[in-house]
Every structure is written in C-alpha cells, then in structure tokens.
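Asks: missing the sequence, but the structure's below:
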C-alpha cells in the first residue's frame with residue numbers, strides 16, 4: 001500500500017501540473033522570497049479547523065499556482081478559532097476561515113464576521129448545504145456512519161440504525177464522540193428536526209443506559225474500534241476509511257445506517273470556508289475560496305481525506321461508498337441550526353459528557 005505522504009505529494013503535484021504546468025517550492029507559515037523574480041508577495045492569512053496535515057497540500061498547491069501570494073496558516077480547534085475571530089472582530093487578522101463543521105460558520109455568520117462571496121461554480125453546489133446569503137461556502141460532505149470491528153461482527157450482525165445502538169445486546173460495546181464535538185451536535189440537532197425532542201431524549205437516555213463510551217474526538221473512536229476495544233463506533237465516514245488503511249488494527253467494516261423503509265436516512269454534515277469581513281486581503285481571500293471549489297482541488301480533498309466533494313461531478317477516492325442510491329436525511333439549515341441549543345441541552349440532560 002502506498003504510504004499516505006507519498007500519495008499526498010503525488011496528488012498535490014497533479015493539481016499543480018493541471019493548473020499551470022510548472023513546479024515550485026513554497027512553505028506554510030513562513031515567508032517565501034523568490035530571488036529569481038523578486039516578487040513582492042501578498043500575504044493571505046487562513047484560520048483552519050482542519051488539521052495542518054490535511055490542509056497544507058491544498059495551500060501548497062494554491063501558492064504554486066499563485067506565486068504572488070504567500071499563505072500563512074493558523075490551524076487549531078474550530079471552537080477556539082471561532083472565539084479568536086470574534087475577539088478580533090474590530091481588527092480582523094484572518095482573511096479566510098475554514099471549518100470542519102458548517103454549524104460554526106452559521107454561528108459566525110450570524111455574528112457578522114463574514115462578508116458575502118459567491119464562487120463562480122455556485123450553481124453546482126447542492127442547495128441543501130449552501131448558505132442562502134452566500135456568507136460561507138460548503139467544501140466537502142461527511143456522512144455519519146457506524147464502523148465495526150470485523151473480528152467481532154459480520155456485516156449481517158452489525159447494527160443498521162442509530163436507534164439500534166440502544167439495544168441491550170450492544171451494552172458496553174459502542175463508542176462515540178462526546179457532546180462537545182461539532183459533528184455530534186449537528187447530528188443530534190438533525191435528529192430533532194427529523195423526529196422530535198422527546199424521541200431524541202429517549203435515544204440519548206438509551207445510549208447512556210447502554211454504557212456507550214464517549215471520547216473527546218472521532219480519532220479515538222476509530223482507533224478503539226480498530227483495536228477491538230469496542231465492537232461499534234459512531235463516526236464520520238472518513239474515519240472508517242482512514243482506519244481500514246492503517247498498517248495494523250485495520251479489520252473494520254462500515255454500515256451506512258437508517259436505510260430501511262420508514263427510517264430517516266443517512267445524516268450528512270458539511271465543511272465550509274468563508275471570507276472574513278474586513279480582513280487584510282479580501283481579494284485574495286475570495287480567490288482562495290474559489291480555488292477550493294475548483295474540480296482539481298475538490299479531487300485533492302477527496303483523495304487526501306476520503307471526503308465527499310461538494311461538487312457532485314468530482315470523483316470519489318477509490319473504495320469510498322458513493323452516496324448515489326442511498327437514502328439521505330433531508331433537513332433545513334435554519335431548522336437544524338435552531339435546534340443546536342436543544343441538542344446540547346438534551347445531551348447534557350442525558351449525562352453525555
């Protein structure tokens with residue numbers, strides 16, 4: 001199996017070659033002096049909730065195809081970066097904000113820290129995930145799935161719905177992210193819009209009663225399932241894809257849940273990018289967001305992290321389950337956002353940490 005860093009380097013090179021046919025070298029978080037052309041580089045500051053390892057190849061490709069721009073990256077946790085942007089509202093330091101969960105973008109847009117921007121291929125973005133006011137742009141989609149350890153379960157034995165996790169036979173055998181996780185909050189908020197607060201309360205109480213273990217993040221969940229510590233984990237789909245490609249503890253399978261008649265369908269969440277209002281370099285910020293939606297960049301997102309490109313025509317990474325043919329849970333962005341406080345309260349009330 002080709003090591004990840006080799007695949008990343010190869011994919012980034014393909015993006016660069018397709019964009020300009022040339023090759024250059026530049027780094028993130030440092031100024032780059034081009035002595036051959038003496039270009040005075042403009043600085044673009046990107047705050048990213050995505051880890052540096054996953055966003056850096058995108059930034060490298062952008063700088064190579066835009067030699068007059070040097071990108072400075074500040075990577076961190078979504079909520080911490082969101083707080084920083086709010087603190088800097090009167091004197092913005094960032095030009096672009098990238099989040100792993102568009103709930104954060106919704107909240108920040110409401111606080112007036114973004115400026116509207118419409119990407120050239122906006123018509124290709126599924127309307128369900130787009131900002132009506134173009135205050136942020138979705139980049140990729142993540143599906144909420146159940147991964148399982150194949151040493152413990154066959155595909156026929158794996159749970160087929162989220163509700164099934166409350167069955168006593170799964171007691172002590174399930175792991176999930178805790179209530180502070182943005183994807184978990186969005187998932188529970190979506191469930192409320194599709195069912196009712198009382199139904200979700202029953203579900204969450206059932207999970208706690210069944211001794212579900214709640215981790216601080218999905219990486220811990222996928223590793224615990226891969227090692228056999230737990231039989232089942234509730235994760236975003238790409239965590240399963242990452243685990244099955246590990247050199248060890250890779251005996252895992254996946255179930256795309258709630259597909260039966262009468263069930264709500266698969267819950268999806270979106271990553272997003274936004275142009276910060278009053279940032280130092282708005283023009284390049286808008287250009288950078290446009291770059292994120294270009295087909296070659298979308299393919300890079302798919303190959304790096306096994307996500308679903310927001311542009312449906314872009315091919316998936318090899319082996320990733322297509323969404324075509326799956327039942328997808330419909331939801332309203334506004335309705336889902338409105339239920340986040342209720343989701344947080346219900347999780348707290350059920351005793352989910």
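Replies: Everything's here; your move. For clarity, every value in this text was computed on a predicted model and none was experimentally measured. Numbering: from 1, shown residues only.

Asks: so where do the strands sit in this protein?
Replies: Taking DSSP state E as the test, the strands found in the chain are 42-48, 69-75, 96-99, 114-115, 137-149, 174-177, 213-215, 232-236, 252-255, 268-276, 308-309.

Asks: closest to residue 348 out of those strands?
Replies: When the strands of the chain are compared for distance to residue 348 using Cβ to Cβ, the nearest one is strand 213-215, at 12.2 Å. C-beta here means a position set from N, CA and C on the backbone, and glycine is covered the same way.

Asks: could you say what helices and strands that closest one packs with?
Replies: With contacts defined as 3 or more Cβ pairs under 8 Å, 6 or more residues apart in numbering; DSSP states H and E, strand 213-215 has these neighbours: strand 174-177, helix 218-226.

Asks: ok, and for the shortest one, which residues are buried?
Replies: Across strand 174-177, burial judged by 16 or more other Cβ atoms under 10 Å covers 174-177.

Asks: Also the last one?
Replies: Buried residues in helix 218-226, counting neighbours by 16+ other Cβ under 10 Å, are found at 218, 220-226.

Asks: circling back to that earlier point, can you lay out the helices and strands packed on strand 213-215 as a markdown table showing distance to residue 251 and mean pLDDT?
Replies: Listed next are these as a markdown table, based on distance: least, Cβ to Cβ, whole Å; pLDDT from 0 to 100:
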| stretch | distance to residue 251 | mean pLDDT |
| --- | --- | --- |
| strand 174-177 | 16 | 98 |
| helix 218-226 | 7 | 97 |
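
Asks: still on that earlier bit, format the strands of the chain as TSV; extra columns: distance to residue 343.
Replies: Listed next are the strands of the chain as TSV, based on distance: least, Cβ to Cβ, whole Å:
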stretch	distance to residue 343
strand 42-48	25
strand 69-75	26
strand 96-99	18
strand 114-115	23
strand 137-149	14
strand 174-177	13
strand 213-215	14
strand 232-236	15
strand 252-255	23
strand 268-276	13
strand 308-309	23
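
Asks: which stretches of the stretch 1-150 of the chain aren't confidently modelled?
Replies: Low-confidence segments of the stretch 1-150 of the chain (pLDDT under 70): 1-39.

Asks: Quick check: residue 269 touching residue 139?
Replies: No - at 11.7 Å, residue 269 and residue 139 do not qualify as touching, with contact defined as Cβ atoms under 8 Å.

Asks: circling back to that earlier point, could you identify the most distant pair in the buried residues of strand 174-177?
Replies: Every pair of these checked by Cβ to Cβ; the farthest is 174 and 177, at 11.8 Å.

Asks: Name the residues contacting each of these two.
Replies: Common neighbours of residue 174 and residue 177, using Cβ atoms under 8 Å, 6 or more residues apart in numbering, are residue 234.

Asks: The residue lying closest to residue 145 once chain neighbours are set aside - how many residues pack around it?
Replies: Among residues not flanking residue 145 along the chain, residue 237 sits closest, at 4.6 Å (Cβ to Cβ, 6 or more residues apart in numbering). Per other Cβ atoms under 10 Å, the neighbour tally for residue 237 reads 24.

Asks: Using TSV, lay out the helices and strands packed on strand 213-215 together with distance to residue 321.
Replies: Listed next are these as TSV, based on distance: least, Cβ to Cβ, whole Å:
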stretch	distance to residue 321
strand 174-177	20
helix 218-226	16
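
Asks: Out of these, which is closest to residue 335?
Replies: So among those, strand 174-177 is nearest, using Cβ to Cβ, at 22.5 Å.

Asks: ok now do residue 201, which residues does it touch?
Replies: Shown in contact with residue 201 (Cβ under 8 Å, 6+ apart): 346, 349-350.

Asks: Show the buried residues in these.
Replies: If we count by 16+ other Cβ under 10 Å, the contacts of residue 201 have these buried: 346, 350.

Asks: Mind putting the contacts of residue 201 into a markdown table with distance to residue 338 and pLDDT?
Replies: Conversion of the contacts of residue 201 to a markdown table gives the following (distance: Cβ to Cβ, whole Å; pLDDT from 0 to 100):
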| residue | distance to residue 338 | pLDDT |
| --- | --- | --- |
| 346 | 14 | 98 |
| 349 | 18 | 97 |
| 350 | 20 | 97 |
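
Asks: Please narrow the contacts of residue 201 to those residing in helices.
Replies: Using DSSP state H, the members of those that fall within helices are 346, 349-350.

Asks: With distance to residue 322 added, can I get those in JSON lines?
Replies: Below are these laid out as JSON lines (distance: Cβ to Cβ, whole Å):
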{"residue": "346", "distance to residue 322": "33"}
{"residue": "349", "distance to residue 322": "38"}
{"residue": "350", "distance to residue 322": "34"}
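
Asks: Show me how the protein divides into domains.
Replies: What automatic domain parsing lists as the domains of the chain is 4-141+269-309, 142-267+326-350.

Asks: out of those, which comes closest to residue 319?
Replies: Using Cβ to Cβ, the domains of the chain put domain 142-267+326-350 closest to residue 319, at 7.2 Å.

Asks: and the end-to-end length of the closest one?
Replies: Using Cα to Cα, to the nearest Å, the span of domain 142-267+326-350 from its first residue to its last is 26 Å.

Asks: now stretch 192-202
Replies: First-to-last residue span, stretch 192-202, Cα to Cα: 11 Å.

Asks: Would you mark the buried spots in it?
Replies: 192-194, 200-202.

Asks: before we move on, what about stretch 118-134?
Replies: For stretch 118-134, a neighbour-count test (16+ other Cβ under 10 Å) marks 119, 124-125, 129-131, 134 as buried.

Asks: do the same with stretch 156-171
Replies: Neighbour counts over stretch 156-171 (16+ other Cβ under 10 Å) mark 158-166, 170 as buried.
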